[in-house]
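Colleague: Just need the structure, nothing else, for what follows:
(one chain, ligands or ions: 1)
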Amino acid sequence: MKIWKHVCINVLIIMCFIGVKEGFSFTSTSHWNSNSEAGWGCIDRSQGYHTLDGSTNTPDPSSALKMVYPAGFTNGAEPAMCWYMFPSQATEYWVQYYFKYSSNYYYHSVDNKQTYYFIGTGNSNFYLTVNGSRRVNMVTQTYVTDRHVSNTGYDPAVEPGRWYKMTAHFVMNSPGVSNGIAQVWLDDKLIINKNTVGFLSSSQAGQGVREMQISPVFGGMATMTKPAEDYQWYDHTIISTERQGSFPVLPIPVSSNKTGIPNPPMIITIN
Ligand SMILES: [Ca+2]
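Modeller: Sure, this is the predicted structure:
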């Protein structure tokens with residue numbers, strides 16, 4: 001009887017662990033056929049608004065999320081903010097979405113922010129952005145505030161008027177140690193591949209990311225104003241604690257800011 005009691009307790013403990021693990025895994029996919037699909041919510045800000053657009057040639061028909069920046073829109077704000085609360089805080093997750101800037105898009109000279117990720121219960125966050133040179137950056141406003149730029153040798157300018165696919169994989173660091181992973185792809189090509197990121201401070205042990213926001217802030221501290229109405233679009237957002245089959249192959253993160261890929265041998269020409 002005593003043995004069976006122990007067996008039963010052990011089975012319960014194992015079931016609890018399985019339950020925690022299962023509860024921790026999640027995947028949310030929105031096709032933006034409505035602004036409340038798959039747990040998302042949206043709110044307009046004072047200077048602009050969002051809408052759903054079925055006429056923008058999205059790679060995920062028929063509808064996409066459209067962010068509208070009216071003429072005169074000034075820096076430091078977003079037209080609207082859409083958010084998704086994670087079912088539980090994640091220490092590792094993937095995100096993928098499509099985005100497009102309108103053909104007349106007026107780029108801010110510092111940042112044209114896209115998506116934010118909030119940690120724990122406070123304002124500690126990091127975001128994916130297109131900087132003033134139209135390069136994809138990842139900026140941490142966290143334990144270690146930093147701007148992460150390409151370290152793979154692939155660093156294309158983001159052109160207006162066409163759709164791109166952004167994919168990212170984030171793994172929180174050991175609290176207080178800068179060993180977090182950030183991997184960012186544009187159209188399946190790796191731009192950022194680091195394992196030196198400081199997301200969590202030593203006082204944030206046990207915390208993870210709680211929320212994703214599509215919050216495309218125009219700016220930047222530099223004072224700039226939109227000369228004409230322009231737009232950003234977002235579509236087919238996937239957030240998951242698991243790597244999806246359609247995602248890029250996971251590379252080994254590197255610890256330096258160099259590419260990590262050796263240069264090809266020089267070809268010496270003797271005239
Ligand atoms: Ca869609």
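Colleague: What residue, apart from its backbone neighbours, is nearest Met217 spatially?
Modeller: Let me fix one detail, which is that residue 217 is Val and not Met. Lys113 (4.2 Å; Cβ to Cβ, 6 or more residues apart in numbering). Every residue, glycine included, has its C-beta placed from N, CA and C.
Colleague: Am I right that the one you found falls within a strand?
Modeller: Yes - per DSSP: H, G, I helix; E, B strand; the rest coil, Lys113 lies within a strand segment.
Colleague: ok, it to Tyr107 distance?
Modeller: According to Cβ to Cβ, to the nearest Å, Lys113 stands 12 Å off from Tyr107.
Colleague: and the two? which has more neighbours close in?
Modeller: Lys113 (24 against 18; other Cβ atoms under 10 Å).
Colleague: Give the bridge partners for the more buried one, please.
Modeller: Thr129 (DSSP bridges).
Colleague: can you pull the contacts of it?
Modeller: By Cβ atoms under 8 Å, 6 or more residues apart in numbering, the contact list for Lys113 reads Glu78, Tyr127, Leu128, Thr129, Ser215, Pro216, Val217, Phe218.
Colleague: could you say which helix or strand contains the second one?
Modeller: What that stands for is Tyr127. Using DSSP states H and E, Tyr127 maps to strand 125-131.
Colleague: Contacts for that strand next, please.
Modeller: With contact meaning Cβ under 8 Å, 6+ apart, strand 125-131 is reached by 101, 107, 110-119, 136-142, 147, 158, 166, 168, 170, 184, 199, 215.
Colleague: can you check stretch 96-107 too?
Modeller: 56, 58-60, 64, 112, 114-115, 130, 132, 134, 158, 160-168, 214, 224, 226-228, 230-238, 244, 246-247.
Colleague: just to revisit the earlier point, in CSV, could you pull the C-alpha coordinates for the strand holding Tyr127?
Modeller: Output of strand 125-131 as CSV, limited to C-alpha atoms (Å, rounded to 0.1, in the frame of the first residue of the first chain):
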residue,chain,number,x,y,z
ASN,A,125,11.1,46.3,-23.6
PHE,A,126,12.9,45.7,-26.9
TYR,A,127,11.8,46.4,-30.4
LEU,A,128,12.4,45.6,-34.1
THR,A,129,12.8,48.7,-36.2
VAL,A,130,13.9,50.1,-39.6
ASN,A,131,16.5,52.8,-38.8
